[in-house]
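Novice: no sequence on hand, only this structure:
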């Protein structure tokens, strides 16, 4: 992390028309590496633009489910899941050896945080391919616990562009209020999260229609707080 600053991480490499500016606004870009989206060409493009902007690169592995964009839970044995995540992370590592972070995507993010066995398989696969990288994940839960167990640095994450229930959990995608599309609301949400002191990094999703405007607003909020 950067001297206690809260970093902006952006999930990207998922759409062919992501604007170049998006990568420059992020401190960390989580690169789709084949499980839910992404291929060698998209990874090469994103990594090159991150290098141009001096933005850190993270791997963004998921369940191997391109059809549902990694957003539905899958039943996989620990060995199969570990191998899949390792394969995805290795694909990104073949593009660049400068992978500093890993963040699980979609349904795998939520499944791993609820089940230590899933977290061990997923993070074990990432560690096998990438070595000692910083894990981005929820402030508490199995992902954080397993990262500590594996000796991996951890960055607690909040979401500027997602709605949150009263218990602190995210409103599931597809339900009313799941996504925040207004940049001012997202920036206000980011300031609120930072003020709580509970996170090290804030996420903006790169595949939303307002992604660039939201990223600009959130980055500005982080720099002017």
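Specialist: Cool, got the structure. Everything quoted here is computed from the prediction, not taken from an experiment.
Novice: please count neighbours and contacts with C-alpha atoms only from this point.
Specialist: Will do.
Novice: what sits against the residue minimising distance to the centre of the chain?
Specialist: Centroid check for the chain by C-alpha atoms, centre = their mean gives residue 103 as the closest residue, at 4.4 Å. Neighbouring residues of residue 103 by C-alpha atoms under 8 Å, 6 or more residues apart in numbering: 30, 58-61, 109, 135-137.
Novice: next one: residue 86
Specialist: 124-129.
Novice: filter the residues you listed down to the buried ones, PyMOL style.
Specialist: Only the buried entries of these go into this PyMOL selection, using 16 or more other C-alpha atoms under 10 Å:
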select buried, resi 124+125+126+127+128+129
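Novice: just the closest of the contacts of residue 86 to residue 76, please.
Specialist: residue 125 (13.5 Å; C-alpha to C-alpha).
Novice: enumerate every residue touching the closest one.
Specialist: The contact partners of residue 125, by C-alpha under 8 Å, 6+ apart, come to 81-87, 89.
Novice: where do the helices sit along the protein?
Specialist: Secondary structure of the chain (DSSP state H): helices at 20-25, 40-53, 78-95, 106-114, 116-130, 142-149, 183-196, 211-224.
Novice: most neighbours per residue, which of these?
Specialist: Counting by mean count of other C-alpha atoms under 10 Å, helix 116-130 has the highest mean neighbour count of the helices of the chain, with a mean of 23.
Novice: and that helix, average pLDDT?
Specialist: When pLDDT is averaged along helix 116-130, the result is 98.
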